[in-house]
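# Got a predicted structure here, sequence first:
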Amino acid sequence: MNSMLQIVYDISLLLYYWLEGIVLFFVPKRLRYKSVTDDIVLITGGGSGLGRLLALRFARRGARVVVWDINKQGLDETLRLIDGEKHVGVTADNNDIKIKSAYSYVCDVSDRAQVYETAKQVRESVGKVTILVNNAGIVSGKRFLETPDDHILRTFHVNAISHFWTIKAFLPDMMTSTRNGNNNNNKGYGHLVSVASVAGLSGTVRLTDYCASKFAAVGLDESLRLELQCDGYTGIKSTVVCPYFINTGMFDGVSSSIIPILEPTYVADEIMSAILTNQEVLVIPKLFYTLLSLKSLLPTKASFITLNNTFGFTKTMTEFKGHSK
Ligand SMILES: NC(=O)c1ccc[n+]([C@@H]2O[C@H](COP(=O)([O-])OP(=O)(O)OC[C@H]3O[C@@H](n4cnc5c(N)ncnc54)[C@H](O)[C@@H]3O)[C@@H](O)[C@H]2O)c1
């Protein structure tokens, strides 16, 4: 295609996707949910908080669920809750959705060798993972110079670098997987989910290592999405999730004067909705789409006043305690 034709083609596509976005905005999301009944979903950090809530939601939709965590007790509780689920839905073609058995593995995602070894065990005992949710996360919550070196390294290893190991472990299977409707122009089948944070899009006080690690997770998601798209693997979807503070205990003690701290069940429902509709980027609450755009639109000093003085984002971590354990 000559360059003029290419430009016209690109502009037409741009208008098409823009229009598609407007139309889809008015279509209820649940009408566009994909089925996950034939999927194997692996969730890291599935022993508590968001990871557990997502595990329950995937199980209710009939997926085979695998949870990883360093917390054995937490994993047992997640499996117990899934086993106790009575909720059985129906698929679009009116077949019953059955709760399938779930599996748990103690795995420290920051340990590359453990990730590869445990991934091998999952492939042999459960099957090929088709949805990977990188959710495990930690926070130090100290001022820059007070953060011990090993905390900085651990934060990066858990929140960002582990994503490289888990994706490397499961992506090759997704690249060779096929599902009905896939053809040579739509290679692969799978979904990569990264639970990052609003802190991966905007820095804040007492969160230097956390923000930097979440920026890294966001960068990995975006770059890999482009790479897979350019290589024709359009059957492999990705979703990066950027929520504000959530009431899971991880950020106990934080204060937020204007924007309410989010409820975990609401965030888990929003994440499921984004995954089931193949939404690429989810920022919660939606107000942050506007607030974050101010960073690019306003001069730096003006955006500092708006984001930090008006919304008080520089003071949120002042009383931070984090998990009691
Ligand atoms: N809670 C919030 O305010 C908030 C806001 C934005 C984003 N997030 C992100 O959401 C994700 C889930 O957090 P949450 O709020 O449910 O907190 P959580 O502490 O309840 O869950 C995190 C889980 O990760 C596990 N984990 C920690 N290190 C691990 C390791 N090395 N290997 C395996 N598992 C490990 C923990 O044991 C825990 O079960 C995290 O990535 C977090 O950064 C949380």
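Thanks, I have the structure now.
# And the pLDDT at L298?
The model reports L298 with a pLDDT of 89.
# Show me what residue of the stretch 101-250 of the chain gets nearest to the ligand.
Nearest to the ligand, among the residues of the stretch 101-250 of the chain, is G137, at 2.3 Å (Cβ to the nearest ligand atom). No exception for glycine: its C-beta is placed from N, CA and C like everyone else's.
# you'd agree that residue is up against V195?
Yes: at 6.8 Å, G137 counts as touching V195 under the criterion of Cβ atoms under 8 Å.
# any shared contact partners between the two?
Common neighbours of G137 and V195 (criterion: Cβ atoms under 8 Å, 6 or more residues apart in numbering): G45.
# Pop out the phi and psi values for L132.
Dihedral pair for L132: phi -110, psi 120, per degrees, to the nearest 10.
# repeat for A102
phi -110, psi 160.
# count of residues packed around it?
26 (other Cβ atoms under 10 Å).
# repeat for S273
A count of neighbours around S273, defined by other Cβ under 10 Å, yields 16.
# With adjacent residues omitted, what lies nearest to it?
Distances taken as Cβ to Cβ, 6 or more residues apart in numbering put K29 closest to S273, at 5.1 Å, once the chain neighbours are dropped.
# pretty sure that neighbour is touching I275, no?
No: applying Cβ under 8 Å, one finds K29 not in contact with I275, separated by 11.0 Å.
# The residue of the stretch 101-250 of the chain closest to the ligand should be in a strand, yeah?
No: applying DSSP: H, G, I helix; E, B strand; the rest coil, one finds G137 to be coil, outside a strand.
# Quick check: the residue nearest to it when sequence neighbours are not counted vs I271, distance?
In this structure, G137 finds its nearest non-sequential neighbour in N159, 5.2 Å apart by Cβ to Cβ, 6+ apart. Per Cβ to Cβ, to the nearest Å, N159 is found 17 Å from I271.
# between those two, which one's more packed in?
Neighbours per residue (other Cβ under 10 Å) separate N159 from I271, with N159 holding more: 31 against 24.
# what's the helix or strand for D221?
Per DSSP states H and E, D221 falls inside helix 208-230.
# circling back: just to be sure, the residue nearest to G137 is in a strand?
No: applying three-state DSSP, one finds N159 to be helix, outside a strand.
# Tell me which residues touch it, please.
Contacts for N159 (Cβ under 8 Å, 6+ apart) come out as 136-138, 210, 213-214, 216-217.
# I figured G190 was touching L132, is that so?
Yes: G190 lies in contact with L132 (Cβ under 8 Å); the separation is 7.4 Å.
# Overlap of the contact sets of the two?
Counting by Cβ under 8 Å, 6+ apart, the common neighbours of G190 and L132 are F170.
# which one of those two has more residues nearby?
Neighbour count, other Cβ under 10 Å: between G190 and L132, L132 has more, with 27 against 24.
# coming back round to it: mind listing what's buried in the helix holding D221?
Neighbour-count burial for helix 208-230, counted by 16 or more other Cβ atoms under 10 Å, picks out 208-218, 220-221, 224-225, 228.
# what sits up against that helix?
With contact meaning Cβ under 8 Å, 6+ apart, helix 208-230 is reached by 134, 139-141, 144, 147, 151-152, 155-156, 158-161, 163-164, 167, 188, 192, 194, 196-197, 199-204, 234, 236, 238, 240, 242, 280.
# and with 7 Å instead?
For helix 208-230, the surrounding residues in contact (Cβ atoms under 7 Å, 6 or more residues apart in numbering) are 139-140, 144, 147, 151-152, 155-156, 159-160, 163, 194, 196-197, 199-201, 203-204, 236, 238, 240, 280.
# Would you mind listing which of these are buried?
Buried among the contacts of helix 208-230 (16+ other Cβ under 10 Å): 139-140, 147, 151-152, 155-156, 159-160, 163, 194, 196-197, 199-201, 204, 236, 238, 240.
# Please narrow these to those residing in helices.
Of the buried ones among the contacts of helix 208-230, the ones assigned to helices by DSSP state H are 151-152, 155-156, 163.
# and of the residues you listed, the nearest to V65?
H163 (19.4 Å; Cβ to Cβ).
# V109 - nearest residue in space that isn't next to it in sequence?
Using Cβ to Cβ, 6+ apart and skipping the chain neighbours, the partner closest in space to V109 is S162 (3.8 Å).
# Please name the residues that touch the one you found.
Contact analysis of S162 by Cβ under 7 Å, 6+ apart lists 109-110, 115, 136.
# State the pair within these that is farthest apart.
The span of the contacts of S162, defined through Cβ to Cβ, is set by V115 and A136 at 10.7 Å.
# Those residues of the stretch 151-300 of the chain touching the ligand, which are they?
Within the stretch 151-300 of the chain, the positions lying close to the ligand (Cβ under 6 Å from any ligand atom) are 158, 195, 197, 243, 245-246, 248-251.
# what ranges do the strands span in the stretch 1-150 of the chain?
Along the stretch 1-150 of the chain, the stretches classed as strands by DSSP state E, counting those that start in this stretch are 40-44, 64-69, 103-106, 131-134.
# returning to that earlier point: most neighbours among the residues of the stretch 151-300 of the chain next to the ligand, which one?
Within these, most neighbours by other Cβ under 10 Å means V195, with 29 neighbours.
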